[in-house]
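> what's the 3D shape of this:
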Amino acid sequence: MVEPADRPSTAGQRLGAPESFGVSTLEPGLRPPAQPPGRQVPIRVQMLDDTQEVFQISQRSPGKVLFDLVCVHLNLTEGDYFGLEYQDHRKMTVWLDLLKPTLKQIRRPKNTILRFVVKFFPPDHTQLMEELTRYLFALQIKHDLACGRLICNDTSAALMVSHVIQSEIGDFDETQSWQHLLLNKYLPDQDAIRDKIIDSHRKHVGQTPAESDYQLLEIARRLEMYGIRLHPAKDREGTKLSLAVAHTGVLVFQGYTKINAFNWSKIRKLSFKRKRFLIKLRADPANSHHDTLEFAMGSRDCCKVFWKICVEYHAFFRLFEEPKPKPKPILFTRGSSFRFSGRTQKQVIDYVKDSELKKVPFERKHSKILSPGSTTPQSSSSRSQVPKESAMSVLLVDQPDSARFGVQVEANGSEQPPAVAPSSNGFHNAPMAPGSDPIHPRQNHNGMATVPDQQLLNPGSPGSENSPNGSPCVVVNGDATDVLGVVPEGQQLSPLTSPLLTEAGYVRNEDEDEARRKKFPTDKAYFIAKELLTTERTYLKDLQVITESFQSAMAKDEAFPNSVQSLISSSYDPVYKFHQGFLKETEQRLAQWEGRSNAHIKGDYQRIGDILLKNIQGLRQLTVHLQKHSECLVELERGCRSSRKVESLCREFEQQRVCYLPLNIFLLRPLHRLLHYKLILERLCKHYPPTHDDFRDCRAALADISEMVLQLQGTMMKMENFQKLLELQKDLTGIDNLVTPGREFIRLGCLSKLSGKGLQQRMFFLFSDCLVYTSRGMTPSNQFKVHGQLPLYGMTIRESEEEWGVPHSFTLFGQRQSVVVAASCVSEMERWVEDIRMAIDLAEQSSSPGADLLSTSLSDNKLSEDGGTEQESEEELCGSRSSLERQGHRGNTTVHVCWHRNTSVSMVDFSVAVENQLSGNLLRKFKNSNGWQKLWVVFTNFSLFFYKSHQDDYPLASLPLLGYSVTVPSESENIHKDYVFKLHFKSHVYYFRSESEYTFERWMEVIRSATCSASRSLPPTRKDLY
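Residues are numbered from 1 along each chain as shown. Okay, here's the model as predicted:
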């Protein structure tokens, strides 16, 4: 231990904590092992806060004795994430081997300084149970930023540094913050982004050092270079590369860009021979041979250093327990005897959960503020709780059992680790089997993902980047001056855990659920207000598509009419600016309502009506801009018709990831948002008794918004129909004039048409004057090819199941031809018959035949019925056909989903979907998995769109819900959690878990609106929808 003369007390003792011998990370619950007899040698160790400590060890003591002494000195329980590194005689940075004698590894101890640093970087910082551990991780991130090892963009760097400054000096003060930045160097090029750092620091008012650490790690863990230590190498062609190891497997970098990743589940063996590092992959079912990848490194020593850290990373993150040593052979030895020594991550997590450890205060060397967190367990828990909505979503990916197998590791020999732990980190790299997951790759409309969902949400798979922006911060285990608090039995040690999960692959138990419910408001009004906040965040992101992304695209093309540019800019920019302030006020009120900010201010903040009333009154001043949004849609369409360049620009913009819905839908978002405010206020007024303080403001706000909706409802209905006709025209080929005055869209969907070759699947489109039937074309654009049209004027309809012997069939008798069609079920047939009869009545009232829809080449209605297109399966809806490499971008619109799911959608359904938009965090679980993923989910346009967090600009993947059923899991499914609903279509099953009864009911309500087509007929004016 450290000599008293050199150091009078430990960090904990200086803060008044009782004497503690700490916890040995290698021998849980015991004091450090007795050292062998012999002369004591001083060893210097540099800590993460840049202080140096001297430890006395015996000449013959192994490395783990020194490491345990360091952990005891720090009162560190989760020491297994850390290690001691040093430069050996070859000037190579190596890790201290815990099993070998320290002095056999360090030849000149007097001239060597060991560094105590983070060795294993977990995928999720909520797996770190103690605040001290998170504080040390934050110091490591701070160091990596300063030395240029953690590469990121300026925005991320500025945000991280702002959290560091918040943890060190507290709330923003312009003079103090500026001076602090001048005196401290956090980034190599800090001066260039100093203003960005200051702007970010302004936003952290009221944030404690512990919360700053949490936010720093939340951002940093998403960076591509988080925890990455590059080892130079070359491939067989001599290209300069770098190898690295992470919790998911072995990574390959070119410069600072990850170009490949090999998941542990796909690696069969790691080995090296001289200076060649070899990765042997498991057999691919498509190939009969095993792939072996070879990389040349600088020397055999470089190979061995990297091989050792790969062995340790694999064992720490993938095994149940520390691997046992192999028995020594009697005569000959083959291969390396090196093995991982220490607890695995699973053992660390289990130990901390099962132990009733005291929270020991610790000293922040660089912090000038005190952290109010450890006077009592209750205050520690409540004050340092990170705001659930401000923290980025924690992406937790479950791992199938089939992926849990070991990796054989070899160095001129082999080492076969024991059975693998059940993915304590929760990540996997399972290939997507056909039909296993209909969540689609991102391909524009209906939110297609760039790669399959399971791969996209898997940080370990090639092509799936886990690199959002990050920010560094500092965390305290308690107040530096407070007394030591004892954690109550059954309560988690760390108050800074993820709101819904405490770690990847580990779902909170019922005690934790109950504890969380007590910490946060449970009033229904709170959850209604929270819905306002979450949907406002999504709405603002949608406005950014127009005000930033699309306007930027328009400005780059000189062919775009200036009049349209100025019209869109003048109409949408004021609305966007207004809603930025509205969102900020809502976020502040929810933070006050939850009691997690501005705790020193007293007042009644458990209300939202006053903010709604104020902002809706402000929104009324923008009515003149809202009325111009329909003009923007019309002028943009006129520009596309008059100029092919403008049409091409809009089409190319719709192919961008940020435009996850048809462009025209974004243009109508402000009108749709008025309906959302009206519905939210109706729920609040229904919930509050008339005597409630918030009732009067809510009722006044409801009156104002209802007046606005009434004023604009005519525009809404016309623009909805106009926008739908424009979208359908893009999906159809062979039509000249779909958008004409007086024509209304009524229903689209799949029916089987009886022809000479039997029943053939056709896509039918019902308008107010005609019925068009098509088949899906095999062209790159994936448009539907028109086969014919039936004017509704003079048409009659008759059910004909008995006549033709075809279930659910009916016959349409037109003036020129008759068609026999069959629906997939009785309910589908009833919807079609009801809507067609209503459309016939509308056509009769117009007293004139409708205009011919078809182009000249198709007007004879004698298109070949024999060239029926090849049927495509549900799996093709999410397969290679919808990858970004395919030129056609309309391969997964609502029309295509109806084609694959054999269902239909009416204009009433579209109108209801406009009202039923929802956003928020959900936990998702696959049918055959154990873990839950926390995702930011947006429901719109009959689809669920999945994001890592609400701050992401575009979705990772989507799930079209047409054809799905939503139910509650049965007892036999063993989903023993509250507020869980189940989505299933054929063999595809997903479970989603919400945070409260209100949010559960809301998600069920809006999803049912998409999965169950409206059976009611379309009213002539649809005024009842508003």
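> How many residues are close by Thr344?
Applying other CB atoms under 10 Å, we find 22 residues neighbouring Thr344. Every C-beta, even on glycine, is put in place using the N, C-alpha and C of the backbone.
> How much space separates it from Asp350?
When CB to CB, to the nearest Å is the yardstick, Thr344 and Asp350 sit 10 Å from each other.
> what do you get for Leu681?
On the measure of CB to CB, Leu681 and Asp350 end up 48 Å apart.
> neighbour-wise, which of these two wins?
Leu681 (27 against 16).
> just checking, the more buried one touches Leu702?
Yes. Between Leu681 and Leu702 a contact is recorded at 4.0 Å, counting by CB atoms under 8 Å.
> residues near the spatially closest residue to Leu679 that is not a sequence neighbour, how many?
Closest residue to Leu679 apart from its sequence neighbours, by CB to CB, 6 or more residues apart in numbering: Glu915 at 6.3 Å. As a burial measure, Glu915 scores 15 neighbours (other CB under 10 Å).
> Glu915 reaches His676, doesn't it?
Yes. If you go by CB under 8 Å, Glu915 and His676 touch, sitting 7.3 Å apart.
> Just the element for the closest residue to Val968 other than its chain neighbours, please.
Spatial nearest neighbour of Val968, excluding adjacent residues (CB to CB, 6+ apart): Phe981 at 6.1 Å. Of the helices and strands defined by DSSP states H and E, Phe981 is found in strand 980-985.
> Remind me what the next helix or strand after that strand packs against, helices and strands.
Downstream of strand 980-985, the first helix or strand assigned by DSSP H and E is strand 988-993. For strand 988-993, the packing partners by 3 or more CB pairs under 8 Å, 6 or more residues apart in numbering; DSSP states H and E come out as strand 918-926, strand 980-985.
> and among those strands, the most buried is which?
strand 918-926 (a mean of 23; mean count of other CB atoms under 10 Å).
> How much space separates the residue lying closest to Thr796 once chain neighbours are set aside from Val806?
Spatially, and ignoring its direct neighbours in sequence, Thr796 is nearest to Phe813 (4.6 Å; CB to CB, 6+ apart). Distance from Phe813 to Val806, counting by CB to CB: 17 Å.
> okay, these two: which has more neighbours?
Val806 (17 against 13).
> related to what we said a few turns ago, can I assume the residue nearest to Thr796 is in contact with Arg798?
Yes. Contact criterion CB under 8 Å: Phe813 and Arg798 qualify, at 7.1 Å.
> low pLDDT regions in the stretch 501-650 of the chain?
Per-residue confidence for the stretch 501-650 of the chain (pLDDT under 70) gives these ranges: 501-521, 596-603.
> contacting residues around Ala555?
Gln565 (CB atoms under 8 Å, 6 or more residues apart in numbering).
> element containing it, please.
Using DSSP H and E, Ala555 falls in helix 551-556.
> same question, Gln789
Counting by DSSP H and E, the element that carries Gln789 is strand 784-791.
> thinking again about what came up before, what distance do you get for the residue nearest to Thr796 to Thr733?
28 Å.
> Would you mind giving the domain segments of this protein?
Using the TED database, the domain parsing of the chain gives 40-118, 227-324+339-352, 524-730, 735-845, 917-1010.
> Dump these to TSV, plus distance to Ala210.
Listed next are those as TSV, based on distance: least, CB to CB, whole Å:
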stretch	distance to Ala210
domain 40-118	16
domain 227-324+339-352	17
domain 524-730	12
domain 735-845	52
domain 917-1010	20
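> Out of these, which is closest to Lys365?
Lys365 lies closest to domain 40-118 among these, at 4.1 Å (CB to CB).
> rewinding a little: quickly run through the sheet partners of the strand holding Gln789, with directions.
Strand 784-791 pairs in its sheet with strand 732-733 (parallel), strand 770-776 (antiparallel), by DSSP bridges.
> how about the host helix or strand of Leu216 as PDB, C-alpha atoms only?
Using DSSP H and E, Leu216 sits within helix 209-220. Extracted in PDB, the C-alpha atoms of helix 209-220 (Å, rounded to 0.1, in the frame of the first residue of the first chain):
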ATOM      1  CA  PRO A 209     -21.700  16.900 -12.600                       C
ATOM      2  CA  ALA A 210     -23.200  13.500 -12.400                       C
ATOM      3  CA  GLU A 211     -25.700  14.300 -15.100                       C
ATOM      4  CA  SER A 212     -22.900  15.900 -17.200                       C
ATOM      5  CA  ASP A 213     -20.900  12.600 -17.000                       C
ATOM      6  CA  TYR A 214     -24.000  10.700 -18.100                       C
ATOM      7  CA  GLN A 215     -24.600  12.900 -21.100                       C
ATOM      8  CA  LEU A 216     -20.900  12.800 -22.100                       C
ATOM      9  CA  LEU A 217     -20.900   9.000 -22.100                       C
ATOM     10  CA  GLU A 218     -24.200   8.800 -23.800                       C
ATOM     11  CA  ILE A 219     -22.900  10.800 -26.700                       C
ATOM     12  CA  ALA A 220     -19.300   9.500 -26.800                       C
END
